[in-house]
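In: Take this sequence and fold it.
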Amino acid sequence: MSTRELAPQGPEHASGGEAAWVEAARQGDRQAFERLYRANCDRIYALCWRLCGRDAALAEDLVQEAFIRAWTKLELFRGDSTFATWMHRLAANVALSDRRIRIRKVSRERPMDEVVERTAVGERDVSQGLRNDLEAAISRLPERARTVLVLFDVEGYQHDEISELTGMAVGSSKAQLHRARKLVREALEQ
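Out: I've put the predicted structure just below:
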């Protein structure tokens with residue numbers, strides 16, 4: 001079953017049920033964790049899908065890896081934010097870590113060039129019209145520029161948070177965002 005087929009089960013997740021689900025999951029209740037999964041998997045999938053350049057299969061794998069890590073590290077969730085926010089951050093870390101590993105593997109095989117910095121584009125479209133064009137333009141961005149654009153403009157992270165997640169300097173994050181926006185504008189004008 002695809003992670004996108006597991007949609008949130010209704011508004012109860014927003015009504016405070018999340019804290020109870022987290023506590024039950026900490027006690028080993030797998031059904032409570034499944035509810036957390038169902039309530040958050042679509043947003044996590046969208047983040048992973050964008051960060052990995054619209055590669056649906058890789059995004060599915062990253063979602064699964066992120067939730068496995070969440071299950072094994074649930075005791076580290078302090079409750080300073082919502083579970084959804086914590087999960088989002090954990091998934092971003094999983095996707096960025098996976099990217100670093102893939103780039104390292106590819107760089108050993110052949111010299112690094114712009115092709116290496118890009119990820120294969122998935123075949124499935126999740127939207128139509130302008131949104132599809134925008135997603136395509138984003139997926140063709142160089143890896144670092146795409147990462148910053150997705151984290152800043154789509155997911156709402158600040159440059160200092162992006163710096164912490166990616167290991168790049170705040171100034172580099174700002175420069176990559178500027179570069180990404182320019183490249184997306186140019187792609188959409190064509």
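In: what residue ranges in the protein score low on pLDDT?
Out: The model of the chain has pLDDT under 70 over residues 1-16, 106-129.
In: Would you map the helices across it?
Out: Secondary structure of the chain (DSSP state H): helices at 17-26, 30-51, 56-72, 83-109, 129-139, 143-149, 159-166, 170-189.
In: so can I have CSV of the ones you listed showing mean neighbour count?
Out: Every residue, glycine included, has its C-beta placed from N, CA and C. Converted to CSV, the helices of the chain look like this (neighbours: other CB atoms under 10 Å):
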stretch, mean neighbour count
helix 17-26, 17
helix 30-51, 20
helix 56-72, 19
helix 83-109, 17
helix 129-139, 15
helix 143-149, 23
helix 159-166, 18
helix 170-189, 15
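In: Would you map out the domains in this protein?
Out: Taking automatic domain parsing as the reference, the chain has its domains at 8-123, 125-190.
In: what separates the shortest one from the chain centre, distance-wise?
Out: Averaging C-alpha positions (CA atoms, centre = their mean, to the nearest Å) puts domain 125-190 12 Å from its chain's average.
In: ok, now how distant is Gly28 from Ala84?
Out: To Ala84, Gly28 is 21 Å away according to CB to CB, to the nearest Å.
In: Same check on Leu76?
Out: Remark: distance between Leu76 and Ala84 (CB to CB) = 16 Å.
In: Also Leu130?
Out: In terms of CB to CB, Leu130 sits 28 Å off from Ala84.
In: Could you do Asp160 as well?
Out: 21 Å.
In: do Ala70 as well
Out: In terms of CB to CB, Ala70 sits 11 Å off from Ala84.
In: Find residues that contact each of the two.
Out: Counting by CB atoms under 8 Å, 6 or more residues apart in numbering, no residue touches both Ala70 and Ala84.
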